[in-house]
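Peer 1: Based on what follows, work out the 3D shape:
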Amino acid sequence: MDYLLGRFTEQAIDSMNADEIAVLERLIEMPDPQIELSVYEGYSLGERDLDTLVARMRQFHGLPAAG
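Peer 2: Okay, here's the model as predicted:
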């Protein structure tokens, strides 16, 4: 997870506003297994802003859109 989150953050952080950074911080605090299911399998984290961020991360890493 460090690799996926780190690469995305490194590229995206400069274009993120304060609210988006706060969402990223919340995502980072979540247990890795939850993040993995969301990133790799497209499972919802139960919050729209977290799901939006994960969708952006999935796109960045070339993963298909969650359906």
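
Peer 1: Which residue is the nearest non-sequential neighbour of the spatially most central residue of the chain?
Peer 2: Residue closest to the mean C-alpha point of the chain, counted by C-alpha atoms, centre = their mean, is residue 54 at 3.2 Å. In space, and not counting its chain neighbours, residue 54 is closest to residue 38: 4.8 Å by C-beta to C-beta, 6 or more residues apart in numbering. Heads up, the C-betas are built off the backbone N, CA and C, glycines and all.

Peer 1: what's residue 19 in contact with, if anything?
Peer 2: By C-beta atoms under 8 Å, 6 or more residues apart in numbering, the contact set of residue 19 is residue 49.

Peer 1: for it, helix, strand, or coil?
Peer 2: Classification of residue 19 by DSSP: H, G, I helix; E, B strand; the rest coil places it in helix.

Peer 1: doesn't residue 45 make contact with the residue nearest to residue 54?
Peer 2: Yes - under the criterion of C-beta atoms under 8 Å, residue 38 makes contact with residue 45 at 5.2 Å.

Peer 1: one step back: for the helix or strand hosting the residue nearest to the centre of the chain, which residues meet the burial criterion?
Peer 2: Element membership for residue 54, per DSSP states H and E: helix 48-60. Buried residues in helix 48-60, defined by neighbour count with 16 or more other C-beta atoms under 10 Å: 50, 51, 53, 54, 55, 57, 58.

Peer 1: Under the pLDDT cut-off, which ranges of this protein? List them.
Peer 2: 67 (pLDDT under 70).

Peer 1: Let me see the ranges of the helices in it.
Peer 2: 2-12, 18-29, 32-41, 48-60 (DSSP state H).
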